[in-house]
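Chemist: for reference, the sequence and a predicted model appear below.
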Amino acid sequence: MRELTYLRPDDAAAAVAAVSGDPEARFLAGGTNLVDHLKLGVARPGTLVDVSRLPMDAVEEVGDLPGPLGTGLRIGANVRNSDLAADRRVRERFPVVARALLSGASGQIRNQATTGGNLLQRTRCVYFQDVTTPCNKREPGTGCSARGGHARYNAVLGASEECVTVHPSDLAVALAAVDATVVVLGPDGERRVPVADLHRLPGDRPQDDTTLRHGELITAVELPDSPGARRSGYYKARDRASYAFALVSVAAALDLAEDGTVREARIAWGGVAHKPWRATRAEEELRGRVPDEEAVRAAVRVELEAAETDDQTAYKTTLVEGATVLVLDRLRQGGPR
Amino acid sequence: MSPQTPQVEVDPVRVVPSEMGRSLERADGVEKVTGRARYAIEQAPSDALHAWLVTSTVARGRVTAVDHSQALAHPGVVAVLDHTTAPRLEESDNAELVILQDAEVGYRGQIVALVLAETSEAAREGAALVGVTYAERPHEAELREDNAVHRPESVNPDLPTDTEEGDVDAALAAAEVVVEETYRTAYESNNPLEPHAVVARWEPDAEGPVLTLHDSTQGVHGVATALAPLLGLEPEQVRVTASYVGGGFGSKGEPHSHEVAAALAARAVPGRWVRLAVTRQQMFAMTGYRTATISKIRLGAHADGVLTAIEHHALEQTSRIREYAEQTATPTRMMYAAPHRRTTHRLARLDVTVPSWMRAPGEMPGMFAHEVAMDDLAIAAGVDPVELRLRNEPETDPETGLPWNDRRLVECLERGAEGFGWSERPSEAGARLDGEWWVGTGVASATYPMMRQPGNQARITALPDGCYAVSIGAVDIGTGARTVLAQIAADALGCPVTTIDLEIADTTLPSATVAGGSSGTSSWGTAIVAAAQQFRADHGPSPDPGVSTTASAAEHRAAQTHAMHSFGAVFAEARVHRLTGEVRVPRLHGVYSVGRVINPRTARSQLLGGLVMGLSAALLEESWRDPRFGHFVTQDLATYHVATHADVQDLRADWLEEDDQLATPMGSRGIGEIGIVGTSAAVLNAVRHAVGIPLRQIPVTPDQLVGALPGS
């Protein structure tokens, strides 16, 4: 490891100042991803600004959120994944968030990983993590090895010539399905970014995972209460039963009328794109319908009209269709989510 | 062996079990769970230098330049060794071990330089700063059905490459039922919990050994014997210890290039300890793996499923720099009766790292192919899969005609079927949907040869208070050898296990063969019995403290007169999600015939571990080589999936009560590998039965299933 400067400022503003003034500086939170990258040579920062001890570690009730009810939860960026998943309010009012967290990583990693860090983790594309192979995300302009290589995890929606990888976070997918907002502190003050706008498609700048500017720090995530959020769930399809990244995942929140038709559906997919993919066309298709298997399959197929697949990723459209059926069916039955 | 204790060869007689058969806790369990057990890398003193390997980023070519300057300028870096500056090695035909001697690169991930530094961090950064340039040459790294292949002279360990008996083609032409299919297994990488590591010191002027290695290995004497001639030393000048080893699964069975690197590094800084830890990523490139296999199988049978012809062509790959021929078709030679039989092995030489032993080399991929082919035959003939195997039971070894030592496959199948509830199985596939899950069951047979290696010695020394030191250079790689050998020694001496002080895992002790081939307990245990019985003959029941006997066992004559094998039957239930194609295995049961079980607790762990590994191979494990680059790009435990706890549900291993005196004086045969054999086939056969799709390759993953499921 190179010599690097390690800073531990006392408040968030100082942390932001330290990183925004230094292009070689990076925030360090739980370290479950960045420390690996230091060892592998994937990241070579000159300065690490440790924000893990800043007092952003509470889950609080708030009453001034946008949304139909105005109430909700504000989650400090340093709340550990394990603590957030265990929070009773989260489990009751946002089950999709708890379930997504519990489907990620391992118990040890969830104890270490933070809410903000989870959202900013980087792709697990094998080429991104192997500095001996070309990767446009790691070294812009070198090429994309995932295209035509080990491709079964690759994106099927919104990919570009430069990058075909997917975002690995489960939490981000769940947050996209409950219209969460990220609170960001930058050198010019605080701003709020809808989670759906936090991550970006790769386009010709695959090195940028998010719309955050260098030095901007996630300080909290706000979850607005909604009827759908209470009836929400997550399913992660994967090779093994635990400790694997998603082949695809589905987060959904369902607000049903008394006759069983959809008042409002929110569906987000993981493992299909460079960002959590809000299936807005599918949501529209389901509005006013009973979300039975046939209706869900039809709605998903509308959303997937834009999908581009190859030999190794063709399964993903079938899989995301099946997994969406599975989640909505469970939500409709009110059974285990 | 110490010079004052002459070695004798003894033909040991049956040991009466008393301590043998007890479920003793592991002798080293407390040390391990409290962190007091010191593994290889922990043997390094705090002032040891840290070595870090620089590995090639091309699959084939020549190193044209190595720039040390940036690395040497990095604080803490002491030295950089490359092919121009490393100490010279003697010539050897094992090109895997001859590193840093010339500019040739034979595979991606080959050691091309190493950095010595005062800290691990400085060594790692120094390695990143070594500038290596290459003249790259075209490479071939993909195993296909149309590679150019050659016929190896023999297959691992030293078995005939091809066999033929009768007229297979005529028998197939006349057969009422024919199966002709191709079966595939993936590349798999051994991933013991403890990565490979070695601590080394070179002391040319010392009175003791010139080279001392604290290694993570399955055989200390094997390392000394392999490294000494390379380094221009006598084996006695190389001392190797391996007090605690966190698993090997074959990858620590022979020395690999990192051990040579550590020796070269130590030689470059005489008198100083050097520690070298292989990273998880480097393991995928340099410490061995199981070749992928392509098995073309033809079975001919009568309408009732009784086999008339068995043919198995195995296509696999080896490395251009060193040949290793996996013996994939060898279990097919002895498993079932049929008058007409043919097996072959062909290898593609690729520009890749050297394949090697991984738990049950040969038997694992070979029995996968044969046992899934048997499922194909059961379907084609309309015969129940258990019944099909019973109908093809051979009286004697089909290959040699020799009588079996104790073939009890039928009992394993029948007992397993009864315990599993096999009779309730619907004969048709894709017939049972339970909620969201397709449910099926499958069976496969297992077998593994019984081997007792020559070249083992043990020493018994009387201690005060009626205790005995029992010394042998065997290594406990986590299997429980430390516990089991003490039980054997106790019964062989006729005393309680508490009186046994066992010393192992050091080349200063009497020589022992590798912990591999399921031969450790048989080989070392028999040597201990020989020494103990000779000790009693020499010194009687009340020996004076200090008296000692060293002995080895006489040749294993029964191995010439009998076909010596263990057997088993594995039953699996698989569930396949109708919407996602995800596979779960709620039940996996094995019943084994493995001779006497010396310690049920440690034996069960071996068998259960094998079952889990077979399950993992069936559903998860694949080292994915990118042919464009030539290396495995799945190279950590997040991208190379092994089964987690959540993947393992109702797992059972049972065994028949036995006392196989043809095998060993303990009555035991060996249990390290048979648990993985056939297991992947049982799981895949269960998946096939669940969904009614004729799958013939592993791992079988949701992407292969989701679009092909019934109703999709």
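Modeler: Yep, that arrived. Numbers count the residues shown, from 1 in each chain, chains lettered A, B, ... in the order given.
Chemist: make it CA atoms for all contacts and neighbour counts henceforth
Modeler: Will do.
Chemist: and the chain, what are its domains?
Modeler: The chain I'm using is chain A. Annotated domains of chain A cover A:5-49, A:59-120+A:166-224, A:227-332 [automatic domain parsing].
Chemist: could you do chain B instead?
Modeler: B:7-37+B:453-555, B:41-138+B:191-286, B:163-188+B:290-450+B:561-705.
Chemist: returning to what we had before: of all the domains of chain A, which lies closest to residue B:47?
Modeler: Taking C-alpha to C-alpha, domain A:5-49 is the member of the domains of chain A nearest to residue B:47, at 22.3 Å.
Chemist: off-centre distance for that closest one?
Modeler: The chain centroid and the centroid of domain A:5-49 are separated by 21 Å under C-alpha atoms, centre = their mean, to the nearest Å.
Chemist: where does the spatially closest residue to residue B:323 that is not a sequence neighbour land in three-state SS?
Modeler: Spatial nearest neighbour of residue B:323, excluding adjacent residues (C-alpha to C-alpha, 6 or more residues apart in numbering or on different chains): residue B:354 at 7.5 Å. For residue B:354, the assignment made with DSSP: H, G, I helix; E, B strand; the rest coil gives coil.
Chemist: quick check: pLDDT value at residue B:354.
Modeler: At residue B:354, the model reports a pLDDT of 97.
Chemist: ditto for residue B:2
Modeler: pLDDT, residue B:2: 43.
Chemist: could you give the number of residues near the residue of chain B found nearest chain A?
Modeler: Relative to chain A, the nearest point of chain B is residue B:579 (4.4 Å; C-alpha to the nearest C-alpha). Using other C-alpha atoms under 10 Å in any protein chain shown, residue B:579 is surrounded by 25 other residues.
Chemist: ok, it - contacts?
Modeler: Contacts for residue B:579 (C-alpha atoms under 8 Å, 6 or more residues apart in numbering or on different chains) come out as A:319, A:322, A:323, A:325, A:326, B:436, B:706.
Chemist: neighbours of the closest residue to the first one other than its chain neighbours, how many?
Modeler: So the one you mean is residue A:319. Among residues not flanking residue A:319 along the chain, residue B:580 sits closest, at 5.4 Å (C-alpha to C-alpha, 6+ apart). When neighbours are defined as other C-alpha under 10 Å, residue B:580 has 30 of them.
Chemist: right, and residue B:580 touches residue A:323 too?
Modeler: Yes. Here residue B:580 reaches residue A:323: they are 6.1 Å apart, a contact under C-alpha atoms under 8 Å.
Chemist: please enumerate the shared neighbours of these two.
Modeler: What both residue B:580 and residue A:323 touch, as defined by C-alpha under 8 Å, 6+ apart, is the set residue A:237.
Chemist: on the three-state scheme, the residue in the stretch 201-337 of chain A that chain B sits nearest to is what?
Modeler: Nearest residue of the stretch 201-337 of chain A to chain B (C-alpha to the nearest C-alpha) works out as residue A:322 at 4.4 Å. Three-state call for residue A:322 (three-state DSSP): helix.
Chemist: who's in contact with it?
Modeler: Counting by C-alpha under 8 Å, 6+ apart, residue A:322 touches A:297, B:579, B:580.
Chemist: what about residue B:357, distance to residue A:180?
Modeler: Distance from residue B:357 to residue A:180, counting by C-alpha to C-alpha, to the nearest Å: 51 Å.
Chemist: between the two, tell me which one has more neighbours.
Modeler: Taking neighbours as other C-alpha under 10 Å, residue B:357 and residue A:180 compare with residue B:357 leading, 28 against 22.
Chemist: ok, the closest residue in space to the more buried one that isn't next to it in sequence - how many residues close by?
Modeler: The shortest distance from residue B:357 to any non-neighbouring residue, by C-alpha to C-alpha, 6+ apart, is to residue B:250 (4.8 Å). Residue B:250 has 26 neighbouring residues, counting by other C-alpha under 10 Å.
Chemist: try residue B:639
Modeler: With other C-alpha under 10 Å as criterion, residue B:639 counts 18.
Chemist: ok, now how distant is it from residue A:36?
Modeler: 14 Å.
Chemist: show me what contacts residue B:226?
Modeler: The neighbourhood of residue B:226, defined by C-alpha under 8 Å, 6+ apart, consists of residue B:255.
Chemist: so it belongs to a strand, correct?
Modeler: No. Applying three-state DSSP, one finds residue B:226 to be helix, outside a strand.
Chemist: of the contacts of residue B:579, buried ones?
Modeler: Buried members of those, counted by 16 or more other C-alpha atoms under 10 Å in any protein chain shown: A:319, A:322, A:323, A:325, A:326, B:706.
Chemist: what's the closest of those residues to residue B:154?
Modeler: In terms of C-alpha to C-alpha, no member of those lies closer to residue B:154 than residue B:706, at 41.3 Å.
Chemist: any stretches of chain A with poor pLDDT?
Modeler: Applying pLDDT under 70 to chain A flags residues A:1, A:335-337.
Chemist: can you classify the residue lying farthest from the centre of it as helix, strand or coil?
Modeler: For chain A, the residue at maximal distance from the C-alpha centroid (C-alpha atoms, centre = their mean) is residue A:259, at 32.8 Å. Following three-state DSSP, residue A:259 is assigned to coil.
Chemist: check contacts around the residue nearest to residue B:323.
Modeler: B:96, B:286, B:288, B:289, B:318, B:319, B:321, B:322, B:323, B:324.
Chemist: excluding its backbone neighbours, what's nearest the last one?
Modeler: The spatially closest residue to residue B:324, leaving aside those adjacent along the chain, is residue B:318, at 5.7 Å (C-alpha to C-alpha, 6+ apart).
Chemist: in three-state terms, label that neighbour for me.
Modeler: Relying on three-state DSSP, one would call residue B:318 strand.
Chemist: surely it is in contact with residue B:325?
Modeler: Yes. If you go by C-alpha under 8 Å, residue B:318 and residue B:325 touch, sitting 6.7 Å apart.
Chemist: find residues that contact each of those two.
Modeler: Any residue near both residue B:318 and residue B:325 by C-alpha under 8 Å, 6+ apart counts here, and that gives residue B:347.
Chemist: okay, those two: which has more neighbours?
Modeler: residue B:325 (31 against 27).
Chemist: where do the strands sit along the stretch 101-250 of chain B?
Modeler: B:104-105, B:111-117, B:131-136, B:163-165, B:177-185, B:197-202, B:211-215, B:238-241 (DSSP state E, counting those that start in this stretch).
Chemist: what do you get for the stretch 601-712 of chain B?
Modeler: Under DSSP E, counting those that start in this stretch, the stretch 601-712 of chain B gives strands at B:625-626, B:631-632, B:650-655.
Chemist: what's the most buried one of those?
Modeler: Among the strands of the stretch 601-712 of chain B, strand B:631-632 has the highest mean neighbour count (mean count of other C-alpha atoms under 10 Å in any protein chain shown), at a mean of 24.
Chemist: and for that strand, what's in contact with it?
Modeler: Taking C-alpha under 8 Å, 6+ apart as the rule, strand B:631-632 contacts B:59, B:107, B:108, B:109, B:284, B:285, B:352, B:353, B:623, B:624, B:625, B:626.
Chemist: for stretch B:19-33, buried residues please.
Modeler: B:19, B:20, B:21, B:23, B:24, B:26, B:28, B:32.
Chemist: ok, the most centrally placed residue in chain B to residue B:368 distance?
Modeler: What sits nearest the mean C-alpha location of chain B, by C-alpha atoms, centre = their mean, is residue B:359, with 2.7 Å. Applying C-alpha to C-alpha, the value for residue B:359 to residue B:368 is 14 Å.
Chemist: next: residue B:626.
Modeler: For residue B:626, the distance to residue B:368 - C-alpha to C-alpha - is 25 Å.
Chemist: pLDDT weak spots in chain B?
Modeler: Looking at chain B by pLDDT under 70, you get B:1-6, B:712.
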